[in-house]
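Enquirer: how would this look folded up:
(chains A, B, C and D)
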Protein chains: 2
Amino acid sequence: MGSTERRTRERAETRERIMEAAREMFVRHGHEATTMRAIAAEIEYTPTAIYHHFRNKEALLTELCTADFRALAGAFQKVGRIEDPIERLRRVGKAYVTFAIDHPMQYQLLFMTRHVGHVEPGAARGDPGEDAYAFLRETCAAAIATGRLWRKLDDAEELAQIAWSSLHGLIALHVVKREHGAVEWRDIRKTAALMNDVLIRGMLKRGQQETI
Amino acid sequence: MGSTERRTRERAETRERIMEAAREMFVRHGHEATTMRAIAAEIEYTPTAIYHHFRNKEALLTELCTADFRALAGAFQKVGRIEDPIERLRRVGKAYVTFAIDHPMQYQLLFMTRHVGHVEPGAARGDPGEDAYAFLRETCAAAIATGRLWRKLDDAEELAQIAWSSLHGLIALHVVKREHGAVEWRDIRKTAALMNDVLIRGMLKRGQQETI
DNA sequence: GAAGTTACCTAACGTTGTTAGGTATATGAC
DNA sequence: GTCATATACCTAACAACGTTAGGTAACTTC
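Expert: Numbering: from 1, shown residues only, chains lettered A, B, ... in the order given. You can find the predicted model right below:
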C-alpha cells in the first residue's frame, strides 16, 4: 500500500525537477531559446518524458507562471487595505514593478507575448492577470471619485490604461533594450518611482500637489 | 550593351517583389509566423532564391524597416524646429505614436524584440533609432534648462527614458493585448495624447501648468 | 498469476531557417 | 565565333525544432 504513495511522490518529484530545470533555463535564456530537448537533457531524461507530465511547451510555461501570478495578486491585495485611493494607486504601481523585477520570465510571458488562448479552464473566474487589472481599474475609479483629479481624467478605464502602460513601458524597454549602448539606463526601481510620482502629480488637480 | 542594364533592372525588380510580399505577410501575420517558404511561394520562387537577394531572414526584415526608420527620423526633424522645448517634447511624443501606428511591424522589430547585433555596418553614425533617442534626450535637456520643470527632474537621460517608456508602454500593450477581453481599449491616439498631457503636467513646476 | 496502469524510451514526422551543388542563360575578352 | 566567367535560379538536403506513435519494463490490482 505504501508503494502507491511512493509512486505518486516520485511522479511529483520528477515533475518538480522538470519545472525546476525549465524555470532556470527560461529565465536565463528566454523561453524561445530554450528547447524541450535541452530541458530534458538537463535532468537526464528524453524529451518525451516531459510530455508525460505537461501537455506541451506552452502548458509547461503557463504552469511555471501560475504560482507567481498569485504573488502579484497577493501583493495587490495587501495594497488594497490602504484607504486613500491615490496613495493606493502609487503603491499598486510599486508592487507591479517589484513583481516584474522579481519574476522577469513570468512578466514577459504575461505581458510581453501575444497569446491565442492561454486561459486555463481550471480557474473559475478570469485569470489572475485580469483580476489584477480589475483591481487597478477600481482603484482608478475610487481616485476619480475623490474629486482630487484633473478634470480631463474622468474615465477609470482610460486612467487605468495610462497608469499601467507607463510602468509597463519602462519595464518592457528595460528587458528588450538593456544592452543597447545608446541608452544609459538608471536604476529601474528609482526611475519607476520617479515616473510614478510624475504621473500622479500630472493626474492631480492644481492645488492638490503639495502631497508629493 | 542595353541587356546588361536590363539584367540589373530585372534583378532589382525581383528584389522588390520579394520585399513587397514579405512586407505584406510580416505586417499581416507577424514576422515569426511568416516563413521564408511562404514568402517564396507567394511570388512563385523557391526559398533559395530569396537568399540570393538577402543574406537571411533577419536581413530581409531589417532592410524592410530601414526606409521607415527614416520616416521616424524625418518626423522628428520637422518637430525639431519648434522653439519651446516643452512643446517640442509633446510633439515628439505625438510623432512617435503616429509612427508606431503607421508602421506597426517596424515598431515591433525596433522596440519590441531583443536583438543580438543588428547594427548595419553601412550606416556611418549609429542607427536611426539611436539618433531619434539622442534627439529626444537633447529635447529633455533643453526642457530642464528652461527651469520650468519640477525640481526632482534634473537628469535629462532619466527624463528621456520616462517620456519614451510611457508612450512605448501604451503602444506595446496595445499590440500584445489588443484582443484581451478584460481591457476595454480606448482610441490609442486619444489615450496617448491624454497620457502625454498628464506626463507633461506632472513634469512641470507648480505655477507652470496653466499652459495645458 | 492474469490484466491493466504507469513511466519512460526509441524512432519518427512535419516544420523551420539555411546551404551545398547543379543548370541554364547571358556577358566579356580574344 | 568561341570560350571562360558570372548570374539567377533550382533540386536536394542538413540540422534543429515541437510533437507523437508505439514499444517496454516495472508495478498495482484482482
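
Enquirer: give me the low-pLDDT residue ranges for chain A?
Expert: Within chain A, the stretches with pLDDT under 70 are A:1-3, A:115-130, A:210-212.

Enquirer: I'd like to know which elements the helix or strand containing A:E13 is packed against.
Expert: Using DSSP states H and E, A:E13 sits within helix A:2-29. Helix A:2-29 sits against helix A:36-42, helix A:47-53, helix A:57-79, helix A:104-111, with contacts defined as 3 or more C-beta pairs under 8 Å, 6 or more residues apart in numbering or on different chains; DSSP states H and E. The way it works is simple: take the backbone N, C-alpha and C, and place the C-beta from them, glycine included.

Enquirer: Deepest-packed of those, please.
Expert: Ranked by mean neighbour count, the helices and strands packed on helix A:2-29 are led by helix A:104-111 with a mean of 21 (mean count of other C-beta atoms under 10 Å in any protein chain shown).

Enquirer: Does DNA strand D have contacts with it?
Expert: No - legend: contact between helix A:104-111 and DNA strand D by C-beta under 7 Å from any atom of the strand is lacking; minimum distance shown is 14.5 Å.

Enquirer: right, and the helix or strand after that helix?
Expert: Moving toward the C-terminus from helix A:104-111, the next helix or strand (DSSP H and E) is helix A:128-145.

Enquirer: Can you list the neighbours in contact with that following helix?
Expert: A:66, A:69-70, A:72-73, A:76, A:80, A:85-86, A:88-89, A:92, A:110-111, A:125-126, A:149, A:153-154, A:156-157, A:159-160, A:163-164, A:203, B:182-183 (C-beta atoms under 8 Å, 6 or more residues apart in numbering or on different chains).

Enquirer: so A:W185, which of the three states?
Expert: The local conformation at A:W185, judged by DSSP: H, G, I helix; E, B strand; the rest coil, is coil.

Enquirer: could the helices and strands packed on helix A:2-29 go into a markdown table alongside distance to B:G169?
Expert: Putting the helices and strands packed on helix A:2-29 into a markdown table (distance: least, C-beta to C-beta, whole Å) gives the following:
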| stretch | distance to B:G169 |
| --- | --- |
| helix A:36-42 | 32 |
| helix A:47-53 | 35 |
| helix A:57-79 | 17 |
| helix A:104-111 | 10 |
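
Enquirer: Let me see the backbone angles for A:D154.
Expert: phi -120, psi 0 (degrees, to the nearest 10).

Enquirer: ok, now which ones touch it?
Expert: A:D154 neighbours (C-beta under 8 Å, 6+ apart): A:I144.

Enquirer: One more: A:T146?
Expert: With C-beta under 8 Å, 6+ apart, A:T146 has these contacts: A:85-86.

Enquirer: tell me the phi and psi of it?
Expert: Backbone torsions of A:T146, given as degrees, to the nearest 10, read phi -70, psi -20.

Enquirer: And for A:L204?
Expert: The phi and psi torsions at A:L204 (degrees, to the nearest 10) take the values phi -80, psi 150.

Enquirer: Would you mind confirming that it makes contact with A:G147?
Expert: No - the criterion here is C-beta atoms under 8 Å, and A:L204 misses it with A:G147 at 11.0 Å.

Enquirer: the more surrounded of those two?
Expert: A:L204 (23 against 9; other C-beta atoms under 10 Å in any protein chain shown).

Enquirer: Could you report the distance from that one to DNA strand D?
Expert: 48 Å (C-beta to the nearest atom of the strand, to the nearest Å).

Enquirer: chain center to stretch A:75-86: distance?
Expert: Here stretch A:75-86 is found 18 Å from its chain centre; the criterion is C-alpha atoms, centre = their mean, to the nearest Å.

Enquirer: Report the contact partners of A:E158.
Expert: Contacts of A:E158 (C-beta under 8 Å, 6+ apart): B:186, B:191, B:194.
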